[in-house]
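For reference, the sequence and a predicted model appear below.
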Amino acid sequence: MSLSIEDQLAIQQLYARYNHLIDSGQGDAWAATFTADGVFSSGASGTFTGTEQLAGFGNGFAKQLKARHWTNNLLVEESTGGAKGSCYLILLRLTPGERPPAGILVTAIYNDELRKVSGEWRFSGRAVTADA
């Protein structure tokens, strides 16, 4: 059995919402893209587990770095208990007023575990691995 078109679209919207929220400094809303016991892991930033730690990281991110998360080549497939996803990341550092106004900070890949909670898709685990 495969994911329905509705589930696939909802997951695509989750990925986009995640990017918009972290880049705009809405850490509490960004943390809500995860399950209550969700885990975000990054070699550069550390591991954050649960809504409180995730919100703390999310609220601090935009204060430390003006950035745009650009993701593409999303693959999603059904798995036991939910779905697995993967996509490429280009993290752009913004430098408003300068030329060019943005530069590539890092390229990476996200590997994700997703679960549907109360009818909504959420990340239960998200690991980002830099290419370099």
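Done, it's in. Numbering: from 1, shown residues only.

pLDDT on the top strand by length along the chain, on average?
Criterion DSSP state E: the longest strand present in the chain is strand 102-117. In this model, strand 102-117 carries a mean pLDDT of 96.

How about the residue nearest in space to the middle of the chain, nearest residue that isn't a chain neighbour?
For the chain, the residue nearest the mean C-alpha position is Tyr18 (4.9 Å; Cα atoms, centre = their mean). Nearest residue to Tyr18, sequence neighbours excluded (Cβ to Cβ, 6 or more residues apart in numbering): Thr33, at 4.7 Å. Using the backbone N, CA and C atoms, a C-beta is placed for each residue, glycine as well.

give the contact list for the one you found.
Residues near Thr33 by Cβ atoms under 8 Å, 6 or more residues apart in numbering: 14, 17-18, 21, 122-123.

tell me the secondary structure for the residue sitting furthest away from the middle of the chain?
Distance from the C-alpha centroid of the chain peaks at Arg99, with 27.7 Å (Cα atoms, centre = their mean). The three-state assignment at Arg99 reads coil, by DSSP: H, G, I helix; E, B strand; the rest coil.

Tell me how far it lies from Asn111.
From Arg99 over to Asn111 the distance is 35 Å, taken as Cβ to Cβ, to the nearest Å.

quick one, strands of the chain?
Going by DSSP E, the chain shows strands at 34-42, 46-49, 67-79, 82-94, 102-117, 120-130.

and Ser4, which of these is closest to it?
strand 67-79 (9.6 Å; Cβ to Cβ).

buried set for stretch 7-23?
Residues 7-8, 10-11, 14-15, 18-19, 21-23 are the ones in stretch 7-23 that count as buried (16 or more other Cβ atoms under 10 Å).

This completes my enquiry, with thanks.
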